[in-house]
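Q: Fold the following and give me the result.
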Amino acid sequence: LRALRRDPPPRGLAARPKIDPRLALAERLVAERNCRGCHAFDERPGDVARFYADAALTPPPLAGEGARVQPGWLFSFLLDPSPLRPWLELRMPTFGFSEPEAEALVAWFGAQAGRTGPYNRAHRPPSDPGRAALGEALLSDLKCRSCHVLGGASTADLAPDLGLARERLDARWIRRFLEDPDAVLPGTRMPQFFPGGTSPQPAILGGVAADQM
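A: Model (predicted):
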């Protein structure tokens, strides 16, 4: 009300929203480097998508990236990108980000995914050899290696290398993805192995789909 007068209001009345400087820096970097030219961050595809008939041949969508990957991996990748999808013609440029810039982008992706904390920590449960053996049996029974490799460069089925999953992906995201792949990544080629929370393998872990995932 004190501002409703002819003279400018006192500077002390000006609104000063608290903006995390890292997030502001990341927003500027996303715009300056034209990240949306290649990647989709929401329902709108990246600008290059119109040149491709097959969405699998376009750069991956980054919606939910902060929940999908582990912050430490993303930080290293931004500093020194390496090919993750050998079948793509386009390659992620090496932008020469500084470490503060890379950390700001990691924080920004984490904030977009609703993560909080000083470095948006990922979740990776402790290793359990017994459950790992059951997981390996499921990997075989579900014929995951018909499409995926575990450390290699096969491009036949346009499926990511699962050898990178432990260091790259967040365990909670993997769980959600297995439950309903298309809901997490619309248009994915990943089949639905656990429709309606049921399992195709009743002999493992009592056939409980949640435990198998």
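
Q: what about V106, how many neighbours?
A: Here the count is done by other C-beta atoms under 10 Å, and V106 has 27 residues near it. Yep, even glycine has a C-beta here, placed from its N, CA and C like the rest.

Q: Only alpha carbons, please: show stretch 99-114 as PDB.
A: Written as PDB, here are the backbone C-alpha positions of stretch 99-114 (Å, rounded to 0.1, in the frame of the first residue of the first chain):
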ATOM      1  CA  GLU A  99      33.000 -28.100 -12.400                       C
ATOM      2  CA  PRO A 100      30.700 -25.500 -10.800                       C
ATOM      3  CA  GLU A 101      28.700 -25.400 -14.000                       C
ATOM      4  CA  ALA A 102      28.400 -29.200 -14.100                       C
ATOM      5  CA  GLU A 103      27.400 -29.200 -10.400                       C
ATOM      6  CA  ALA A 104      24.800 -26.500 -11.000                       C
ATOM      7  CA  LEU A 105      23.300 -28.600 -13.800                       C
ATOM      8  CA  VAL A 106      23.200 -31.700 -11.600                       C
ATOM      9  CA  ALA A 107      21.400 -29.700  -8.900                       C
ATOM     10  CA  TRP A 108      19.000 -28.300 -11.500                       C
ATOM     11  CA  PHE A 109      18.100 -31.800 -12.900                       C
ATOM     12  CA  GLY A 110      17.600 -33.000  -9.300                       C
ATOM     13  CA  ALA A 111      15.300 -30.100  -8.500                       C
ATOM     14  CA  GLN A 112      13.300 -30.800 -11.600                       C
ATOM     15  CA  ALA A 113      12.800 -34.300 -10.300                       C
ATOM     16  CA  GLY A 114      11.900 -33.200  -6.800                       C
END
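
Q: contact partners of that stretch?
A: Stretch 99-114 is contacted by residues 20, 22-23, 25-27, 29-30, 41, 62, 64-68, 71, 74-75, 78-79, 97, 116-117, 119-120 when judged by C-beta atoms under 8 Å, 6 or more residues apart in numbering.

Q: cutoff 7 Å now
A: Counting contacts by C-beta atoms under 7 Å, 6 or more residues apart in numbering, the residues outside stretch 99-114 that touch it are 22-23, 25-27, 29, 64-67, 71, 74-75, 78-79, 120.
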